[in-house]
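Colleague: Whatever this is, show me its structure:
(one chain, ligands or ions: 1)
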Amino acid sequence: MRKIALFDVAELDTDEIRRVDVDGLPPIAVCNLDGRFWALADTCTHGDASMAEGMIEGNNIVCPYHSMGPCSIALKTYPVTVENGTVYLTET
Ligand code: FES
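Modeller: Residues are numbered from 1 along each chain as shown. A predicted model of the protein is given here:
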């Protein structure tokens, strides 16, 4: 397993999503839901949309292309931790 530093906690406000690119992994969307960080595959399983361009509604990300969510085919998720003000993703 590889643990990867992504960005400082202060760089992503509540209910915001950001795309991150990590060497060796497909694009990843990281979101902040009420101070908890989550990471998932950025590319929608229905089309070619970037989930980072979607909107957060409750605990769901609504896809920017077809306004659907949650998707019927699950997006890959990644464990996220916060340590000393930095958001980390663990490759699984
Ligand atoms: S591309 Fe995401 S719902 Fe269609």
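Colleague: From here on, just use CA atoms for contacts and neighbour counts.
Modeller: Fine.
Colleague: State the distance from whichever residue of the chain sits closest to the ligand to residue 68.
Modeller: In the chain, the residue that lies nearest the ligand is residue 47 (3.4 Å; Cα to the nearest ligand atom). Using Cα to Cα, to the nearest Å, residue 47 is found at 11 Å from residue 68.
Colleague: higher neighbour count, the two?
Modeller: Legend: neighbour count by other Cα atoms under 10 Å for residue 47 and residue 68, higher for residue 68 (14 against 10).
Colleague: give the contact list for the more buried one.
Modeller: residue 62 (Cα atoms under 8 Å, 6 or more residues apart in numbering).
Colleague: Three-state assignment for it, please.
Modeller: When classified by DSSP: H, G, I helix; E, B strand; the rest coil, residue 68 comes out as coil.
Colleague: following the least confident helix or strand in the chain by mean pLDDT, which helix or strand comes up?
Modeller: Across the helices and strands of the chain, mean pLDDT, DSSP states H and E gives its lowest value to strand 60-62, namely a mean of 89. Using DSSP states H and E, the helix or strand that follows strand 60-62 in sequence is strand 77-78.
Colleague: helices or strands next to that following strand in the packing?
Modeller: With contacts defined as 3 or more Cα pairs under 8 Å, 6 or more residues apart in numbering; DSSP states H and E, the packing partners of strand 77-78 are strand 36-41, strand 86-91.
Colleague: Strand partners (parallel or antiparallel) of it?
Modeller: Partner strands and pairing direction for strand 77-78 (DSSP bridges) are strand 36-41 (antiparallel).
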